[in-house]
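> Fold the following for me, if possible:
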Amino acid sequence: MVNIRELDPAASPLDYFGYELRRRREAAGLTQRELGAIVFCTGSLVGQVETGAKVPTREFAERVDAALVTEGFFSRLVGLVLRSQLPTWFQPFADMEATATYISTYQAQMVYGLLQTETYSRAVLATGVRDRLDELVAARMERQRILLREEPPLTWVVLDEAALHRPIGSHRIMREQLAHLLTFLDHKWVRVQVLPFFAGEHASLIGSFTSLRFDGHPDLVYTEDIISGHMTANPETVKEAALRYAHLQASALSVEDSAALITRVMEERYAQAAEPDGRGVA
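Numbers count the residues shown, from 1 in each chain. From the prediction side, this is the model:
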């Protein structure tokens, strides 16, 4: 007889997902293979999710909801599952980012996580721990869903021009990423400005930072070092960050001129010729 790993549903969102999937599948009178056939995957994959050995994707959760008629239960739960896959030190920021009404960020090295394509994210994350790469990429893509809300946070991104020129992954990946940035030109809630090289010295030579604003809660400033992230609501730090960001915006190109520069870099630096994959974190 096959040994079935029993999950503690209170242990983690992933264990709760697996526990409920098995319980509801069995209540529907389906084997793992039968459910897999309905949701277009193998019975083995269903079993891996049920034992917490595999992290479910959003697509898998949505198909299971339809198959088991669970009224969106798994689709709602999968967001928590994927967020739990983020690095422990990053999760508090992701939780706060998801509730912010205004996000302003300066990125000196790469595209901000909320605006990254999947392939760009994969190349960036591959520079770190690679044994959970699929889960980390899925978690980052899930994090971006806050921009799809009916009332998403106003998100203002200032990118150093260096982020456009640094080849992350390959020319194809960079071309797709820059093209993706251009899709936000007419977006009501997202603004992208580029801080050009000719701006010279500027207000944040020390590096990247992100400010979060909330309804009814103090503003936060978030920074990262090589090991972890740091959040603070210290009023003096928040004030200093706001001043520096104002200077960065003043030195950056307009949204329209930024789009023109992104287009030029995309066409001149990242033509269709393929390049071997390279690597590049955030």
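
> Run a quick neighbour tally on residue 154.
15 (other C-beta atoms under 10 Å). Where C-beta positions appear, they are placed from N, C-alpha and C, glycine not excepted.

> can you check residue 14 too?
The burial metric for residue 14, expressed as a neighbour count using other C-beta under 10 Å, is 23.

> which helices and strands does the host helix or strand of it pack with?
In the assignment (DSSP states H and E), residue 14 maps to helix 13-27. Helix 13-27 sits against helix 43-50, helix 58-68, helix 73-83, with contacts defined as 3 or more C-beta pairs under 8 Å, 6 or more residues apart in numbering; DSSP states H and E.

> who wins for proximity to residue 155 among those?
helix 73-83 (18.3 Å; C-beta to C-beta).

> Can you tell me the element the residue most central in space within the chain falls in?
When the chain is reduced to its mean C-alpha position, the nearest residue by C-alpha atoms, centre = their mean turns out to be residue 140, at 2.7 Å. In the assignment (DSSP H and E), residue 140 maps to helix 133-143.

> quick check: mean pLDDT across that helix?
The predicted model assigns helix 133-143 a mean pLDDT of 94.

> List the buried residues of the next helix or strand after it.
Once the chain leaves helix 133-143, the next helix or strand it forms, by DSSP H and E, is strand 154-160. The neighbour-count criterion (16 or more other C-beta atoms under 10 Å) identifies 155-160 as the buried residues of strand 154-160.

> C-alpha coordinates for the helix holding residue 140, CSV please?
These are the backbone C-alpha positions of helix 133-143, laid out as CSV (Å, rounded to 0.1, in the frame of the first residue of the first chain):
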residue,chain,number,x,y,z
LEU,A,133,13.6,29.2,-9.4
ASP,A,134,10.2,28.3,-10.8
GLU,A,135,8.5,29.0,-7.5
LEU,A,136,10.2,32.4,-7.2
VAL,A,137,9.3,33.5,-10.7
ALA,A,138,5.7,32.4,-10.1
ALA,A,139,5.7,34.4,-6.9
ARG,A,140,7.0,37.5,-8.6
MET,A,141,4.4,37.2,-11.4
GLU,A,142,1.7,36.8,-8.7
ARG,A,143,3.0,40.0,-7.0
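
> helices or strands next to that helix in the packing?
For helix 133-143, the helices and strands in contact under the criterion 3+ C-beta pairs under 8 Å, 6+ apart are helix 73-83, helix 118-125.

> Give the other helices and strands that the shortest one contacts.
Based on contacts counted as 3+ C-beta pairs under 8 Å, 6+ apart, the elements that helix 118-125 packs against are helix 133-143, helix 171-182.

> Let's have these in CSV, adding distance to residue 86.
Supplementary listing: these in CSV, determined by distance: least, C-beta to C-beta, whole Å:
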stretch, distance to residue 86
helix 133-143, 5
helix 171-182, 21
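
> so which of the ones you listed gets nearest residue 7?
helix 133-143 (17.4 Å).

> just the angle between that closest one and helix 73-83, please?
Regarding helix 133-143 and helix 73-83, their directions subtend 110 degrees when assessed with axes from the mean of the first three to the mean of the last three C-alpha atoms, to 10 degrees.

> List the contacts of helix 133-143.
The contact list for helix 133-143 (C-beta atoms under 8 Å, 6 or more residues apart in numbering) reads 55, 57-58, 78-79, 82-83, 85-86, 94, 97-98, 113-114, 116, 118, 121-122, 125-126, 129.
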